[in-house]
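everything below, folded, please.
(2 chains)
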Amino acid sequence: MAAPGSDIRRYPGFLPITILCLVMLYAPLIIVMIYSFNDSRSITSWGGFSLRWYEEVFFGLEAAKFKVAALNSLFIAVMAGITSTVLATAAALAMIRGGSFRGKPASFALINLPLMVPEIVTAVATLIFFSTIGFTRGVATILVAHIVFCIPFAYLPIAARLQGIESVYEQAAMDLYASRAQAFWQVLMPLMLPGIISGFLLAFIISLDDFIITNFVKGAGVETLPTAIFGAVKQGIKPNIMALSTLMLLISVIFVTISYFVGKSGAKSSQ
Amino acid sequence: MGVNEPGSSTAVAITNIVKRYGIGDASVLALNDVSLEIQDNEFFTLLGPSGCGKTTLLRIIAGFEQVTAGVVHLYGEEIEQLPANKRPVNTVFQQYALFPHMSVLENIAFGLRMLGKGKAEIESRAKQMLDLVQLGGFADRRPAQLSGGQQQRVALARALAPAPKVLLLDEPLSALDLKLRQAMRVELKQIQEDTGITFVFVTHDQEEALTMSDRIAVMSSGELQQIGTAHEVYEEPRNKFVAGFIGETNLLDVTVEEVRADAAMCRVGDGAPIACSVAGNTTKGARGHISIRPERMSVSKPKRGDKLTGIVDRLVYLGTDTQCLLHLDNGTEITVRAQNAHESTLGVGPGDRAALNIDAGAARLLVD
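Sure thing, here's the model as predicted:
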C-alpha cells in the first residue's frame, strides 16, 4: 500500500480532474447507449424506452447489409487474430528466448512499427502496395492488412508473459529428459497460454473495429461493420446506428474483460 | 588425473575444464583449468563465494553450459558434447523450478514420462518418491499451494524419480529459513545414504558444506583451492583463502625458524617459537602467515615472561561462546572464542592487558 503522504487522493485538484477526464471519455459513449433505447426517431430528445432500434438492426431494411458486413468483420477478425497471434508468438520466442542476434533492436522496432506509424500513412501505403502489385481488393486485402497491424497488439501481451517466465523451467524440463519440442509444448506453451489468449483477444478486437485501413484497402461493395456503419451515418445518423454501436461496444467490453481475467489468472498460477 | 575406465568408482571426472563467457577483451574467465574427481556414492560439495564458478561447474555437468576447453566424464563416458536431456543426471534448482501448471505428482512423474516409462511404473515410482520426501498426502496439490520447504522436497523427489546416476543440487536450501535448513541438511544426507546416488551439492554456506559432505571442493575466482574432507579443509587449509573462507581464523605474520619433516617452528615477532603444521614447502628464514582458529586459543592475565600480549578491546557474548577481540602489541587484531560451558570467566575485561595462549597443534603455516 502507498504511504499516506504519497496517496494520490491527497493531491489538490485530483477529484475535479478525474471527473473531467471521465466525463470527456465516457459521456459520449453513455449518451449513445442511452439513446439506442430511445423510442423516438430523434437523436436529441427522449421519447420513452424501446428496443425498436435493436429490432431494426436485426430485421430492418438495412439488416441484410449489416449482416454481411458483420460476418465479414467476424471472419476477418478471427483469421487476422489467429494468424497474427501465431506470428507474434514466434516473434516473441525469437526476441526473448533467441539470445542476442544481429538486428535484434531493428527487429523489435519492425514488429512494433504499426503502433508508431500514423494509421493513415499505413492505409495509403498499403493501398498503393496492393494497386502496384495488381492485387484485386476485397476481403483478402483487408485480411492481409489486418494481420500486419494486429501483430504488435498480439505481440505485447505475449512478450510480456514470456519475459516473466524464467528459462529455468525449460532447463528443468530438458534436465528431466524432455526434447526441445517436448519442453516447448508441455512446459513453455502452457505457461505462455494466458499471454497468447490475451494477445489473440486484443488482436481480434483491434481488427474488429478498424476503420481507416479497412476503408482504404477494401474493394468496392465489400464492407466490414465499421465501414458499413460509416456508410450509413453519411446518410444521416439514425438511432439504429446507435443500437449497432452499443452492440459492438458490448462485444469489445466482453473481450477485453476476458483478456483481463485470463491475464490475471495466468499471473496467479505462475507464482 | 587419469581417464576413467568404465565401471571404475569415479562418478564424475572433470579434466582441465576452462569456461570463458564472451569473446575477446570483454570475456570473463569463469573456470580456469579445473580438474577434480567425484567418487561413486559420494556426497561431494562445491563450496565458494558467489562468482567463484561453482554453479558454472554444476551447470557444465548438467549440460546447460558448454565448456570452452576440457573433458567431462560420467562413469567413464565422455559427456561434454551431450545435450542436457541425454545425460543421466538430474538437477535440483535453486528456485526449484517446479512446473506451476502441473500437480505435485505430475511434476514428479515428468522425468519418467519423458523417458517413456509405462503408466503403472510411473505411478508407483512417483508415489514412492512422494513418500520418500514425506509428502504422501500432497499428490494433487499445485506447487503454488505448498510452502517453501514442501516445494523443496517436491523438487528433490522430481529429480530423484528417474534414478539419476548423479544428482546435482544448486544451493537448494538457500531459500529456506534457518530451522528448516538445518533439518533438511540431515534429511538430505540421509536420503543420499539411503539411495546410494552420488550427490554434487553447490553452496556458499560453509556450515552446510561441513555438516553434509563426504568431501568438499573449495573454489575461488574460477580456480580450485582445495579438495578434502570437512576435517581436512577446516584443520589443514592449504592457503589463506581456504583458511579464511571456512570458519573464522586469525592470521599472524611469522618468520620460519626451523623446518622439520611435516612441521615448522615459527616465531611471531620476538615471541617464543610456535610449532606449526605446514601447507606446502617452506624454508628457514621465509616469511609467511600462521592461521589459528579462534577456539584454539585462550586469553589469560599476563604473567612475567609472556611474549604475546595485548589489550582486550571488547568482549562479545554469543550465547554458547564469548568472543574476545584482542589488540596485540604488534598491532595485529586477534579474535579468541571461549566456550561459556562452565561458569568459567575469561579473567580479563575490556581495557585489561591480557596474554594470548595458543593451543598445541593449533597453528598452521600457510605459504603464499
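
which residue lies farthest from the center of chain B?
Largest separation from the mean C-alpha position in chain B: residue B:304, at 43.0 Å (C-alpha atoms, centre = their mean).

looking at chain B, which residue is nearest chain A?
Chain B approaches chain A most closely through residue B:111 (3.6 Å), counting by C-beta to the nearest C-beta. Backbone N, C-alpha and C define where each C-beta goes, glycine included.

lowest average confidence across helices and strands of chain A, where is it?
In chain A, no helix or strand scores lower on mean pLDDT, DSSP states H and E than helix A:239-269, which sits at a mean of 80.

quick one: list the elements packing against it.
In terms of contacts (3 or more C-beta pairs under 8 Å, 6 or more residues apart in numbering or on different chains; DSSP states H and E), helix A:239-269 is packed against helix A:14-35, helix A:52-59, helix A:139-163, helix A:189-208, helix A:225-234.

low-scoring stretches of the chain, by residue?
No chain in the question, so chain A it is. Low-confidence segments of chain A (pLDDT under 70): A:1-5, A:265-271.

please refer instead to chain B.
Along chain B, segments meeting pLDDT under 70 span B:1-8, B:342-346, B:368.

residue numbers of it in contact with chain A?
Contacts of chain B with chain A, taken as C-beta under 8 Å from any C-beta of the partner chain, map to B:62-64, B:83-86, B:89-91, B:93, B:95, B:97-101, B:110-111, B:114-115, B:142, B:144, B:158-159, B:162.

in ChimeraX, how would I select the buried members of those?
Of those, the buried ones go into a single ChimeraX selection, burial set by 16 or more other C-beta atoms under 10 Å in any protein chain shown:
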select /B:62,63,64,84,85,89,90,91,93,97,98,99,100,101,110,111,114,115,142,158,159,162
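
out of the helices and strands packed on helix A:239-269, nearest to chain B?
So among those, helix A:189-208 is nearest, using C-beta to the nearest C-beta, at 4.5 Å.

relative to helix A:239-269, how tilted is the closest one?
Put simply, helix A:189-208 runs at 160 degrees to helix A:239-269, going by axes from the mean of the first three to the mean of the last three C-alpha atoms, to 10 degrees.

next one: helix A:189-208, is it in contact with chain B?
Yes: in terms of C-beta under 8 Å from any C-beta, part of helix A:189-208 sits within range of chain B, namely A:190, A:191.

next SSE downstream of that helix?
helix A:212-217 (DSSP states H and E).

report the angle between the axes of the least confident helix or strand of chain A and helix A:14-35?
Per the same axes, to 10 degrees, the angle that helix A:239-269 makes with helix A:14-35 is 130 degrees.

which parts of chain A sit against chain B?
Counting by C-beta under 8 Å from any C-beta, chain A sits next to chain B at A:166, A:168-169, A:171-179, A:182, A:187, A:190-191, A:268-271.

buried only: go through those residues for me.
Among those, those buried by neighbour count (16+ other C-beta under 10 Å) are A:168-169, A:171-178, A:182, A:187, A:191, A:269-270.

circling back to that earlier point, mind listing which of the residues of chain A next to chain B are in helices?
Secondary structure from DSSP state H places A:168, A:169, A:171, A:172, A:173, A:174, A:175, A:182, A:190, A:191, A:268, A:269 of the residues of chain A next to chain B in helices.

spatially nearest residue to the fourth one (excluding sequence neighbours)?
Ranked by C-beta to C-beta, 6 or more residues apart in numbering or on different chains and with sequence neighbours excluded, the top spatial neighbour of residue A:172 is residue B:97, at 4.1 Å.

phi and psi next, for the residue farthest from the centre of chain B.
Residue B:304 adopts backbone torsions of phi -60, psi 140, taken as degrees, to the nearest 10.

from residue B:355, how far off is it?
Counting by C-beta to C-beta, to the nearest Å, the separation of residue B:304 from residue B:355 is 10 Å.

also residue A:116?
Separation of residue A:116 from residue B:355 (C-beta to C-beta): 78 Å.

what does stretch B:303-315 contact?
B:268-272, B:299, B:302, B:322-329, B:333-334, B:346, B:348-358 (C-beta atoms under 8 Å, 6 or more residues apart in numbering or on different chains).

re the thing from before, between which two of the buried ones among the residues of chain A next to chain B is the distance greatest?
Pairwise distances across these (C-beta to C-beta) peak at 24.5 Å, for the pair A:177 and A:269.
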